[in-house]
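Asks: just the structure for this:
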Amino acid sequence: MKRSTLLVLLALAVLGGCASHNKYETEADKITRAVIANDMTPVASDFAPAISGQLTRVRVAELSDELNAQGAYKGLKEDDQNCAPAAHCFDVTFEKRAYREALALDDNGKVTAWRVHMGDAGSALP
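Replies: Numbers count the residues shown, from 1 in each chain. Next comes the predicted model:
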């Protein structure tokens, strides 16, 4: 197979993988990856000012340690079963354990609530 053909197939595979994410999954994935990396800089502007103060460096570090202890992050998928109204909930998969994540956005697309915790599908924002 020609190298150019192989590159095109690889690019299509990568794009195909991205196409399955909706905008809420994309946002939740960005936040999850930022927490795992213990660096909220890439997503800081995505949060509404009211919630920004709740995600302190200490809290993010604690969550980062917890999530990193679960092994490789395998991704998330939106599942709004038993999710609070106006929130988007996700089943988050790690190598060792499942987590549940919830996200709420305002009319401007800013995150107004975000939570991740160990558990099964069906948990929502408090």
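
Asks: got a list of what Ala113 touches?
Replies: Contacts for Ala113 (Cβ atoms under 8 Å, 6 or more residues apart in numbering) come out as Ile51, Ala87, Ala102, Leu103, Ala104, Leu125. Heads up, the C-betas are built off the backbone N, CA and C, glycines and all.

Asks: typo on my end, it should be Ile51
Replies: When contacts are taken as Cβ under 8 Å, 6+ apart, Ile51 is in contact with Val111, Thr112, Ala113, Trp114.

Asks: now a ChimeraX select for only the buried ones of those.
Replies: This is the ChimeraX syntax for the buried subset of those, where burial follows 16 or more other Cβ atoms under 10 Å:
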select :111,112,113,114
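
Asks: now, which of the contacts of Ile51 lie within strands?
Replies: Val111, Thr112, Ala113, Trp114 (DSSP state E).

Asks: what about the closest residue in space to the last one that isn't next to it in sequence, how many neighbours?
Replies: Nearest non-adjacent residue to Trp114, counting by Cβ to Cβ, 6 or more residues apart in numbering: Leu103, 5.4 Å away. For Leu103, the tally of surrounding residues (other Cβ atoms under 10 Å) stands at 23.
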